[in-house]
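Student: How does the following fold in three dimensions:
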Amino acid sequence: MAETVTVSPEVFLAMGREVLAKQPFSVLIGAELAALTPGRCELQVPVTDAVKQQFGFVHGGVLSYAADNALTYAGGTALRVPVVTSEFKINYLRPAIGERLIARAEAVYTGKTQAVCRCDVFVWQDGEEKLCAVAQGTIVALPATPTP
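Tutor: Numbering: from 1, shown residues only. Prediction:
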């Protein structure tokens, strides 16, 4: 039987940040991993002109990115293996106008090879969080030898 390895919360978060730093798009938009525990994640994205669309609010693709990445972190840390997103859906609730996106995800079901997760995406505006999108996704374990 394989021995379970445990690490401190600080080391766990540092490991998650290392993964994020290897994602060129995440680096490009300044995404930050604010919190990470098994089955839960908080990802933040600063709102800059580079992530806005023509009406001045955050582009839906950036909201989707934040939800997808947070869902994948939540599912991956719940399954404790390398994962990818199998599917997800997002509902946009209001324009994201503010200073920072905050995507909070959690695994609501974890099986042997998949985790179903949900995510709320908020925008920080005028000192408070405003819910701007909700998402749900299925995160699956990568096969032992992934094919390109």
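
Student: Show the average pLDDT along the biggest helix by length in the chain.
Tutor: The residue-count maximum for a helix in the chain (DSSP state H) belongs to helix 60-79. The average pLDDT for helix 60-79 rounds to 97.

Student: cool, stretch 39-55 as well?
Tutor: 97.

Student: Tell me the buried residues in it?
Tutor: Buried positions in stretch 39-55, judged by neighbour count with 16 or more other CB atoms under 10 Å: 39-45, 47, 51. (C-beta placed from N, C-alpha, C; glycine too.)

Student: Ok, stretch 107-126 next?
Tutor: For stretch 107-126, the buried set under the neighbour-count rule, 16+ other CB under 10 Å, comprises 107, 110, 114-124.

Student: First-to-last residue distance for stretch 107-120?
Tutor: 12 Å (CA to CA, to the nearest Å).

Student: What lies in contact with that stretch?
Tutor: Here stretch 107-120 makes contact (CB atoms under 8 Å, 6 or more residues apart in numbering) with 39-40, 67, 70-71, 74-79, 83, 86, 103-106, 131, 133-141.
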